[in-house]
Each structure stands twice: as C-alpha cells, then as structure tokens.
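K.L.:
Okay, sequence plus prediction incoming.
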Amino acid sequence: MNETPAQTPGAHPLRAISFNDPAVTIERRADGTIYLRPKQPLADYPRRITDRLHHFAETAPQRVFMAERVGPTGWRELTYATLLTASRHIASALLQRGLSPDRPVMILSGNSIDHVLVAFGALYAGVPFCPVSPAYSLVSRDYGKLSYLMKLLTPGLVFVDDADKFADALTANVPEGTEIAASFGAVPGRTVTMLADLIATPLHPGLDAAHDQIGPETIAKFLLTSGSTGNPKAVINTQRMICANQVMIRETLAFLKDEPPVIIDWLPWNHTFGGNHNVGLTLYNGGSMYLDKGKPVPGGIEETVRNLREISPTVYFNVPKGYESLLPYLRDDAALRKTFFGRLHAMFFSGAAMAPHVWSELDELSVLETGTRVPMLTGLGSTETAPFFMSVNPRTSRSGHVGLPVAGNEAKLVPNNGKLEVRAKGPNVTPGYWRQPDVSAAAFDEEGFYRMGDALKPANPADLDAGFDFDGRIAEDFKLASGTWVSVGPLRARFIAACAPLARDVVIAGINRDEVAAIVVLDLDGCRLINATLPYDDLAATAADQLVREAFRERFLKFLATATGSSTRITRAVLLGTPLLIDKGEVTDKGSINQRAVLENRKELIEQLYAATPSDEIIVVG
C-alpha cells in the first residue's frame, strides 16, 4: 500500500489517501497477444455476501446501513440489525413459496429501502432476484422489454413499491398465476401481497439450513444488459462474483478500510455500478448509503444538492453528467463546498469520459475548499465482471485512462483490426447468460476469457506498466466506403470535448459512406448557457435555436480543423430534436447511449445527413 504524494509538478497537491496501485506481470506472445497478470494475489473472500450482514449486525447493530427521505427534513433509517431481522423473515416467506432460479423474484421499482429489503430477503434465502429498470414499466409504451423478460425469467414473485403506479404494467405483463407484492396500493382484479405481510412471516424452520447451503456458485441475482439491438440478456451474478469483487474493491480503494464509507447515491440498482459496486461496498465495509432521489437533469439536480448540503460523503460516485450538473452549485455555495469536500477521500466516475473542463473545475473547487485536489478515480468494468476489473491510480488518473487489472483479475489483449481487444478472467466474471447457452458460449474465448468488446491502447507503448487508455468499443468501429477504419470511441470523445458544453453525446455515422457524419445529442444545460431563454425540456426548440446552432457551428469548425484524415473528418452534423427511445434500446435509464441502436432506428435521419442537397436542419461545415 502507498500514500499519494504530497505534491505533483506544476499542480496543487493531491489529498493523501490509502490506495493499492494495481501492478502486473506482462507476457507477450509472438502473435501480438499480451497477458496482464496482477502481482498481488486476491485476498480471501466470504462464501456469501450476507456473511457481512451478519458481521455488522453483530458488531455495529445500530449503525445506519441505508436511509431515504421522508418528508422535507426527515430520513427513514434502516440499521444493520433491522436489515438482518427483516431479511430473515422475508427469506422465510420466499422459502415458503418454493421460489428458485427457475422462479426468481423480479423487482420493477427503483431504489428504495423497501427494494433493498426484498433484495436482501432473496439473498438470504438463496433465491435469485432481478432488478428491472422502472422505465420498462413506466416509460415504455409497448412493454416490449418487460414482456420479454417475464418469459425469459418466469418469476415466481414480482415486487413493486407502489402498486397503483405500476398497475397497468402489472396487469399487462404478470401472468395470473404469478404473485404480486407491493409496499402499498392495489392492482384492479388481482390479489396483492403487502410487504408488511412478508416481513411478518414467521421464521421458516429450514431457514438457517437454507442459508448455510448458499455457496460461491449460488446465483445471487440476474442483472440485465442489452446487445447493440434486440432484447436484454440476463447476466448471471453468483455469490462468488459479488464477494470476490468486493474484496477487489476494498483492497484497491484501501481508504474504504480507514472509516466506514458514507455515500449519497442515485445510480440505479438495475445497473451494476449502482446495484453491485455501490450497494455492495456499503455493506461490505459497514458503511451508510443515503438514497438520492435526484438526477443530473434540470429539476432533478436540486434534490441531489439538498442532500449534499446535509450529508458529507466520504466517497462520491456519479456519471460525468452528474458532476457537471453539480458544478454551478459547488461554485456558488460555500457551505455546500464545505459539506461536499470536507470528508471526501475520493470521487469516482464511470459510464462515459469526463470532459476536461469538468475535471479541471472540480480540482479548482476542491483546492479552494481544502487546499488539495481530491483524487478522481475510474477504471474499466462491465455487468459481466461484477463490475470492478481495471483501475487507475490517483497520480495518473485522467479522462480516458483505465489503468491496470486489479488483484484477482487477468487481462488478455488480442490484436483486432489494428486495436487491442481486452478480455477478462477472474472469480468476478459471470458464468454466462440465463437460459441463453449459445450466447454464453460465444461470450468466451478458447482460454475461458470473457470477451468484453472493448479496445485498449497503452498509455505509453514503451512502458506497459503505465497502464492503458480506453480505445472504444470494437463493435462500434466501422469502415468507410474507401475501406478506412473509423475508430468511434476516441473520435466520439474528441468531438464531445470540442463541442462542450453543447453536446452531451454524439452518435458517429458513416458505415460504407464516403465520409463521417454526426448525430448530436444536445446537453440542455449547456445550451442554456448560450441562450438562457430556452425551455428546460424542449429538445426541438433547442435544436432549432439559432444561437445554439451558431455556437455549435463555431465549435464544429474548430474540430474539423483538427482532422488528420477521412476517419477523423466530420463535415456534417444534425442536432437531435427528438428524445432517444428506451423502448428501442437507444438509451438506458442511466443515460448511456447505444450507438448501434440509434443508427439502426434513425435510418431516415442518416439519409438526410447524406443527402446530395441537405436540408436546412443539417449543419454542413466541409
């Protein structure tokens, strides 16, 4: 273990934190394949994650595990002791119903204490559960993905917090013979079991024996992911995956050992970052999670700010857009800065690249408050790796850098069309996808490495110990009509940075075309910096606004001047004036954009981009 240095050249000092830098041995094969193997072995991990619940229920029974807002000023608190007691009773109810991997628990509602009670009841019983994006029930118009998942998973019990709110989705998709449970509310024509009744279930006589039988290969949960198009896949998450990954996190982010973490978090539990990484590290390290009902959007970020004014986190997790949305509040509110940075060991981001101006201003605000830069961390992982796989270290962390594999993981870098495709092996890697044996088999190579689909490149080709940078998704890259490869990930990152703060994301088009074009997903907050009179939620008006279009054109021209050839030369763009569709797989509820799904669903828009005589909607700078 080492401490971050007191000073880095030409910069303010980093806050010193306990951290284990990933270190690897390197093997190069004659065919260009590179193997990265951690020098440190993985520490022991428990058989099941609920062993940590037992530990803290005994050693810190009254410590808050989780809290959520109740009214304008209060918090509903769930202690470790109460969580253990409730989990045992809910587990008894699930065992009584004969639930199993073939008849798991499905949770349709979002983050809440009631959600976590049901989840831990399932974990304690050894019954898999599957958290499903609420958008599949509340935003979707055709329930297509929800209907598919009901057939794929065949749940024995479906839980929602508010049965009234989910009634239409439940009526349309839950078979008559499948039990519905809820915190409150009703579904017309259906019997609904109340959560209070599950908690009141007498302890099952076989409960302790059932819990003891849970082992490393027991399926803990199913987490959903999607391909480039089509229906979600259910990633099997075993107890081994979750427990091993939590030790990887704790041993790398060693500051988690220094004091129980305090987290304020909104990241959805149907994604691995929120549901595995953050809930898991809270439990594993005896911490406290305060649920944030805010979101990094106008009208939502205010709730996050209110929470951060009250609770001082020791580590903070968010997506890049979340940090960007916080900047004006941290800039203008000294009290908020003090609460936010006062106890903060580190910040962590995932899901997209961090814009340089956002990172720089966070550093400046941290220095203003504490005299030091709070380390910003990131890495590389996926739902299939539980997710922690590679990590930066505080001294070399920067946007686009993902570091090296952490202890317990082995990386294999395979040459692929001029790039290095990364593959993963370790106890945190999934055994496959539920009820999809062919898809599972195709996900692994002949040596048992999981094919992540990401490409990496050395930060320093002469020194692989310096770690690796993200080099895009292999499946996103394509050829122009000339046969020239377009590396989408790096091009996308440069375009977003050049067009900041107007572009939240960009979809790169040009498969079998003569040139590259761009479909720009606007950042409404950034556009309002150009024209403060714009409405908060009107994409069409923002995309058509002349001030925004002129500001974008100016940045677009500067970006064009940096082009080094046809694969980096973008001359046409369209500002997207309609929302991305979750039903079509274009976007997740976390805001991640699926490039291939957008290209597949927006073929008419792409034809407009490439029209010989483009419409006024298309911005042409070539």
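P.N.:
Thanks, I have it.
K.L.:
show me what contacts His357?
P.N.:
Each residue near His357 by CB atoms under 8 Å, 6 or more residues apart in numbering is listed here: Ala500, Pro501. Backbone N, C-alpha and C define where each C-beta goes, glycine included.
K.L.:
can I assume it sits in a helix?
P.N.:
Yes. Assignment of His357 by DSSP: H, G, I helix; E, B strand; the rest coil places it within a helix.
K.L.:
how near is the closest residue to Trp266 other than its chain neighbours to Arg569?
P.N.:
Counting by CB to CB, 6 or more residues apart in numbering, Trp266 lies nearest to Asp292, which is 4.0 Å off, once chain neighbours are set aside. Asp292 is 42 Å from Arg569, where distance means CB to CB, to the nearest Å.
K.L.:
Mind checking which of those two has more residues around it?
P.N.:
When Asp292 and Arg569 are compared for neighbours, Asp292 comes out ahead with 24 against 15, by other CB atoms under 10 Å.
K.L.:
pLDDT value on that one, please?
P.N.:
Looking at Asp292, its pLDDT stands at 97.
K.L.:
do Met1 as well
P.N.:
46.
K.L.:
Low-confidence ranges, the stretch 351-500 of the chain, go.
P.N.:
For the stretch 351-500 of the chain, no stretch has pLDDT under 70.
K.L.:
Just the strands from it, written as ranges.
P.N.:
Remark: strands assigned in the stretch 351-500 of the chain by DSSP state E, counting those that start in this stretch are 376-377, 379-381, 388-391, 401-405, 410-416, 419-425, 450-458, 468-473, 478-479, 485-486.
K.L.:
Then the stretch 51-200 of the chain?
P.N.:
Counting by DSSP E, counting those that start in this stretch, the strands of the stretch 51-200 of the chain are 64-70, 74-79, 105-107, 129-131, 157-162, 179-184, 192-194.
K.L.:
Out of the strands of the stretch 351-500 of the chain, which is closest to Gly622?
P.N.:
Gly622 sits nearest to strand 485-486 of all the strands of the stretch 351-500 of the chain, at 15.9 Å, using CB to CB.
K.L.:
For that closest one, which strands pair with it and how are they oriented?
P.N.:
Its sheet considered, strand 485-486 pairs with strand 478-479 (antiparallel) by DSSP bridges.
K.L.:
Let me see the residues that make contact with the partner strand.
P.N.:
Trp485, Val486, Val488, Gly510, Ile511, Asn512.
K.L.:
My guess is Pro61 contacts Thr79. True?
P.N.:
Yes. Using CB atoms under 8 Å, Pro61 is in contact with Thr79, at 6.4 Å.
K.L.:
Those two: which is more packed in?
P.N.:
Higher neighbour count among Pro61 and Thr79: Thr79, with 19 against 14, using other CB under 10 Å.
K.L.:
Which strand residues bridge the more buried one?
P.N.:
Beta-bridge partners, per DSSP bridges, of Thr79: Val64.
K.L.:
residue contacts, it?
P.N.:
Counted by CB under 8 Å, 6+ apart, Thr79 has contacts Pro61, Gln62, Arg63, Val64, Phe65.
K.L.:
what's the distance between it and His211?
P.N.:
Thr79 is 20 Å from His211, by CB to CB.
K.L.:
Same check on Pro490?
P.N.:
48 Å.
K.L.:
try Arg473
P.N.:
Distance from Arg473 to His211, by CB to CB: 40 Å.
K.L.:
just Ser592 next, same as before
P.N.:
Counting by CB to CB, the gap from Ser592 to His211 is 36 Å.
K.L.:
Settle it for me: which of those two has more neighbours?
P.N.:
Per other CB under 10 Å, whichever of Ser592 and His211 has more neighbours is His211, with 20 against 14.
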